[in-house]
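Q: got a structure for you, letters missing:
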């Protein structure tokens, strides 16, 4: 194994160009071992990526990353996917990482190229997606001089990346990349930035592999130690209303099997966050659905009334907990998380377990079995009776449109019903995202890609492209990709349709086009007196197409412009036909412009900042309140008014 | 529930000692983490240690124990942070340096010098209209000295921020596992 190179990335920037020349000359002499092939830092970068097993790289070239791009040839060992916007390259890498479980890799230039990456970096940070972002940087001698296209991306990304490196010397390239991939993937996964100066790209070095990492301040805990496992197992034997609250960390840890096993062993129901949809198939009786702001009544209620809450790779986000002081008030809490900083951050924890979720569960399950063989398993019949009562009384439902358009929820139902069980589902951010999460019948783990923590509109299309690249790579394209997007969210990154065309990633895109920023409009309806300030998009009227009114954009024409198949659906018959056609089309991207009702709302709902006890099944119905009329809020009266014009349908 | 901003009146004084890799940019990351959490630092001092690959940051802040624990955990997530301890005041030597320029003329100079003598601190500069005093000690002692000198008119003052080290023969850097930082 090669010894660490003496001069580090992140080393001081020399004061003068002269110093820098002498300095690098000296180090390359002193550190050059007899082994290794001589090459430039840029060539070392490409070689390292190949040696790290990278098969797909996303990005856009530019001035200060040109040497690296120059080192990429037709025979380079990875596929390069050229995006049309750096932000999209980042989201594509995220979609790729989520569906394949590998590290997503981006290669972009300095300055604006790098700052365009900040959104996907922050997004990946919030959702713990393993990402390595390589950005170009100006020459070492120009750093700090406001040189053309200089941006201090290391400084910019301090608060939103797991770590960021500045590489000033070619010698450091292979080692820093080794470290970056290890950091991105191990522990709590996250984005790592490698800022590569042009000096480091053009400098000469001797390449050797593998590289020894120098990370004295980094040692993630993966295995639970001490008595915590026994403590946790004991809580299971003395709890009569347990709930497993499963988050995205369980997906990242690939703990689908373990979660199901734990649920079967203890009889505990499973509620999931937005990120972990499908970790156990919806068909499993134990799965109650998503909890929180737009979760099912059964899931939210079960957590509010449980006596044992087992948080598995979940972080008590405020969209989950509502008012955290009133969240699961009677519950003792077991919290399993690989990140010690998450434990006790928002909620007091009775049994904290730091470790990798699947590893911890593998160790915990035998311990529970042991205690159960002594004490038996608690009787959970009455708990399940309560839960099933919630489930039957408050299934997901929606209102029928009054303007002759489609119900967006109905569209999602049909998409789900007609899709292949292997389908990878991707969403943008907004109402459609919540409906997709609520309604799609998830059958497998790692088949749901959505921006949760940051809630990035425009995430959908590039993430779907990344997911499709992943499907081609790992599943021989056997997992089709359906993107459910909103007309607002889709327009934020619609230029990526060009990538879908040139990279031969045939997506199936359902735009739930209500012609408004739907989620914002819902809040305006409920909390801002129906003052629809700046939420109309004018990109799709309901009812048959009126040629005199132009939709901007016309999504069917837009599809055509990018070589995609565009279909518009106003009626149920057209919608079903369009879905069938999309499912049958595998040689190009299909966009279906579903004209849906702009007054459709996402229910159930817990208003922001309220207790989850205030979960509203539909306007005026609060299942966890025994006397709902006493809770006469402005919200209810407004919502009542909205409801009076609609009919009810059981979903 | 953690309640931000977390520096509140009446919170206890805590001293954190943070060992970090001695590299550019590390202090910015540490300080940025405090800033993001609206954590009002009372004093902060940083310098290299007995090992030139390791720097030591001493932070004092008035803060509740629960948010402090969260800040410590977040600091621990920074890759350049090697070790963090919260120093126990009963088992710690804590010192601070202050330079005070006092308005003192021939009429009251002897009074000021009397105070200097009482506190066993030093005069480092004399001018017909001022005296500059160098004082080291724990925060309380310096506060008391400043309180007395205030009567004469303090023209200018600068405090170094606290530095602290535990009593006894052990070094904090011994706890840095796998001391591979050496040789960088």
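A: Looks like it came in fine. These numbers were taken from a predicted model, which means no experiment stands behind them.

Q: sec struct for residue B:102, please.
A: Using DSSP: H, G, I helix; E, B strand; the rest coil, the secondary structure recorded for residue B:102 is strand.

Q: That one reaches residue B:156, doesn't it?
A: No. Taking CB atoms under 8 Å as the definition, residue B:102 is not a contact partner of residue B:156, at 9.2 Å. Bear in mind the C-beta positions are built from the backbone N, C-alpha and C, glycine included.

Q: Comparing these two, which shows the higher neighbour count?
A: More neighbours surround residue B:102 than the other of residue B:102 and residue B:156, with 25 against 11 (other CB atoms under 10 Å in any protein chain shown).

Q: Bridged to the more buried one, which residues?
A: residue B:131, residue B:154 (DSSP bridges).

Q: Please see if stretch A:151-158 touches chain B.
A: Yes. Judged by CB under 8 Å from any CB of the partner chain, stretch A:151-158 and chain B are in contact via A:154-155, A:158.

Q: where in chain B is pLDDT low?
A: Residue ranges of chain B with pLDDT under 70: B:1-11, B:177-184.

Q: residues touching the closest residue to chain A within chain B, list them.
A: Nearest to chain A in chain B, going by CB to the nearest CB, is residue B:73, at a distance of 3.7 Å. Residue B:73 makes contact with A:340-341, A:345, according to CB atoms under 8 Å, 6 or more residues apart in numbering or on different chains.

Q: Next secondary structure element downstream of the helix or strand it falls within?
A: In the assignment (DSSP states H and E), residue B:73 maps to helix B:65-77. Downstream of helix B:65-77, the first helix or strand assigned by DSSP H and E is strand B:81-86.

Q: Most distant residue from the centre of chain B?
A: Here chain B reaches farthest from its C-alpha mean at residue B:107, the gap being 35.1 Å by CA atoms, centre = their mean.

Q: Do a quick rundown of the strands in the stretch 551-651 of chain A.
A: Taking DSSP state E, counting those that start in this stretch, the strands of the stretch 551-651 of chain A run over residues A:565-569, A:590-595, A:647-650.

Q: Backbone dihedrals for the spatially most central residue of chain B, please?
A: What sits nearest the mean C-alpha location of chain B, by CA atoms, centre = their mean, is residue B:162, with 2.0 Å. Backbone geometry at residue B:162, expressed as degrees, to the nearest 10, gives phi -70, psi 140.

Q: Give the full set of residues in contact with it.
A: B:15, B:43, B:45, B:58, B:60, B:94-96, B:139.

Q: Now with 7 Å, please.
A: With contact taken as CB atoms under 7 Å, 6 or more residues apart in numbering or on different chains, residue B:162 is in contact with B:15, B:43, B:45, B:58, B:60, B:94, B:96, B:139.

Q: I'd like the distance between it and residue B:154.
A: 20 Å (CB to CB, to the nearest Å).

Q: cool, residue A:617 as well?
A: The value you get for residue A:617 to residue B:154, if CB to CB is used, is 66 Å.

Q: neighbour count winner among the two?
A: residue A:617 (22 against 14).

Q: thought residue A:303 was touching residue A:245?
A: Yes. Between residue A:303 and residue A:245 there is a contact under CB atoms under 7 Å: 6.3 Å.

Q: which neighbours do the two share?
A: Residues within reach of residue A:303 and of residue A:245 at once, by CB under 7 Å, 6+ apart, are A:271, A:309.

Q: neighbour count winner among those two?
A: Between residue A:303 and residue A:245, residue A:245 has the larger neighbour count (other CB under 10 Å), namely 31 against 23.

Q: That one should be in a strand, yeah?
A: Yes. Per three-state DSSP, residue A:245 lies within a strand segment.

Q: Name whatever forms a beta bridge with it.
A: Assigned bridge partners for residue A:245, using DSSP bridges, are residue A:271, residue A:311.

Q: Among the residues of stretch A:151-158 next to chain B, name the buried ones.
A: Among these, those buried by neighbour count (16 or more other CB atoms under 10 Å in any protein chain shown) are A:154, A:158.

Q: Closest to chain B out of the residues of stretch A:151-158 next to chain B?
A: Of those, the one sitting nearest to chain B (CB to the nearest CB) turns out to be residue A:158, at 5.3 Å.

Q: In contact with residue A:260, which residues?
A: Residue A:260 neighbours (CB under 7 Å, 6+ apart): residue A:280.

Q: So it lies in a strand, does it not?
A: No. Under the criterion used here (three-state DSSP), residue A:260 is helix, not part of a strand.

Q: can you pull the contacts of residue B:94?
A: Residue B:94 sits in contact with B:15, B:138, B:162, B:164, where contact means CB under 7 Å, 6+ apart.

Q: Now do the contacts for the last one.
A: By CB under 7 Å, 6+ apart, the contact set of residue B:164 is B:15, B:17, B:58, B:87, B:92-94.

Q: try it again with 8 Å
A: B:15, B:17, B:58, B:87, B:92-95.

Q: Does it lie in a helix or a strand, and which?
A: With DSSP H and E as criterion, residue B:164 is part of strand B:163-166.

Q: And that strand, what's buried?
A: For strand B:163-166, by 16+ other CB under 10 Å, it's B:163-164.

Q: what do you get for stretch A:125-134?
A: Going by 16+ other CB under 10 Å, stretch A:125-134 has these buried residues: A:125-134.

Q: and what of stretch A:459-479?
A: A:459-474, A:479.

Q: Now for residue 68: which residues touch it?
A: This is for chain A. A:42, A:45-46, A:107, A:134, A:136, A:196, A:201.

Q: Let me rephrase: I mean chain B.
A: Counting by CB under 8 Å, 6+ apart, residue B:68 has contacts B:6, B:14, B:16, B:61, B:86.

Q: Show me which of the residues you listed is closest to residue A:394.
A: Nearest to residue A:394 among these is residue B:6, at 39.1 Å by CB to CB.

Q: What is the burial count for residue A:562?
A: 19.

Q: swap that for residue A:354, please
A: With other CB under 10 Å as criterion, residue A:354 counts 21.

Q: If I follow the layout properly, it ends up in contact with residue A:341?
A: No. The criterion here is CB under 8 Å, and residue A:354 misses it with residue A:341 at 9.9 Å.

Q: Beta-bridge partners for whatever residue of the stretch 351-500 of chain A ends up closest to chain B, please?
A: Proximity of the stretch 351-500 of chain A to chain B (CB to the nearest CB) peaks at residue A:354, 10.4 Å away. Beta-bridge partners of residue A:354, counted by DSSP bridges, are residue A:337.

Q: Tell me who's in contact with it.
A: A:221, A:224, A:337-340, A:343.

Q: Specify which member of these is nearest to chain B.
A: Among the contacts of residue A:354, and counting by CB to the nearest CB, the member closest to chain B is residue A:340, at 5.5 Å.
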